[in-house]
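In: below: sequence and its predicted model.
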Amino acid sequence: FDFSKFNSLDQKMLDKVDKMLAEDIPRLMNLIPHEEREKTLDGKSKVVGGVFTKDALPVGTGINEGIGEAGWVVDREKQKYDEIFNNLEQSGGKVTGRSAKEEMMKSNLPNKVLGKIWKLADTDSDGMLDNEEFALAMHLIKVKVAGNEIPDDLPKHLIPPSKRSGASVFE
């Protein structure tokens, strides 16, 4: 081999390749599992079979916690949620998405899941959350962070007391 015919060493090119290997490729590789994780955290994926069959799971856990109870299950931690609510910027006794977003994002749940939780908690669909709706949103976040699924429709037992119609919530 005649090494004199090879191009001379290009230090700039080596620096670019080194940067690519050290920074760009690891950053791109981190995106791959993130996309896969997003698929499993969208609030709809389910683990099925084995110990995950309905008859094997304990009753009254996750989203079903509080079914058939006299009180509203969210009341158990409402005082804590009210303290958070009272420290957020409010308009007419309600918090906007902008003011609640930072608190809700502390859960590290994907925006898609938080959006679903917001829609479920905003029971009067006014784009704002009163203290009961905010407490419900925080409860739903707690349920999801604990590894449980969030339903597409709010179960009757989770409807805030002031938003309930005359129908029984225990039907």
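Out: Great, that's in hand.
In: helix or strand right after the helix or strand of the chain with the lowest mean pLDDT?
Out: Lowest by mean pLDDT, DSSP states H and E among the helices and strands of the chain is helix 25-40, with a mean of 67. Under the assignment DSSP states H and E, the closest C-terminal helix or strand after helix 25-40 is helix 78-86.
In: run through who's touching that next one.
Out: Contacts of helix 78-86 with the rest of the structure, by C-beta atoms under 8 Å, 6 or more residues apart in numbering, involve 74, 95, 103, 131-132, 134-135, 138-139. The C-beta positions use only the backbone N, C-alpha and C, and glycine is treated the same way.
In: in JSON lines, list those along with distance to residue 7 and pLDDT.
Out: Shown next, in JSON lines, are the contacts of helix 78-86 (distance: C-beta to C-beta, whole Å; pLDDT from 0 to 100):
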{"residue": "74", "distance to residue 7": "70", "pLDDT": "92"}
{"residue": "95", "distance to residue 7": "63", "pLDDT": "92"}
{"residue": "103", "distance to residue 7": "58", "pLDDT": "90"}
{"residue": "131", "distance to residue 7": "70", "pLDDT": "95"}
{"residue": "132", "distance to residue 7": "71", "pLDDT": "95"}
{"residue": "134", "distance to residue 7": "65", "pLDDT": "95"}
{"residue": "135", "distance to residue 7": "68", "pLDDT": "95"}
{"residue": "138", "distance to residue 7": "63", "pLDDT": "95"}
{"residue": "139", "distance to residue 7": "65", "pLDDT": "95"}
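In: top of those by neighbour count?
Out: Neighbour counts for the contacts of helix 78-86 (other C-beta atoms under 10 Å) peak at residue 134, which has 27 neighbours.
In: quick one: that residue from residue 160, how far?
Out: Between residue 134 and residue 160 the distance is 10 Å, computed by C-beta to C-beta, to the nearest Å.
In: kindly report the same for residue 137.
Out: Per C-beta to C-beta, residue 137 is found 11 Å from residue 160.
In: the more surrounded of those two?
Out: Between residue 137 and residue 160, residue 137 has the larger neighbour count (other C-beta under 10 Å), namely 25 against 21.
In: elements contacting the helix or strand hosting that one?
Out: Element membership for residue 137, per DSSP H and E: helix 131-145. Taking 3 or more C-beta pairs under 8 Å, 6 or more residues apart in numbering; DSSP states H and E as contact, the helices and strands that helix 131-145 lies on are helix 78-86, helix 97-105, helix 111-121.
In: if we go to 10 Å?
Out: On a contact count with 3 or more C-beta pairs under 10 Å, 6 or more residues apart in numbering; DSSP states H and E, helix 131-145 meets helix 78-86, strand 94-96, helix 97-105, helix 111-121, strand 128-129.
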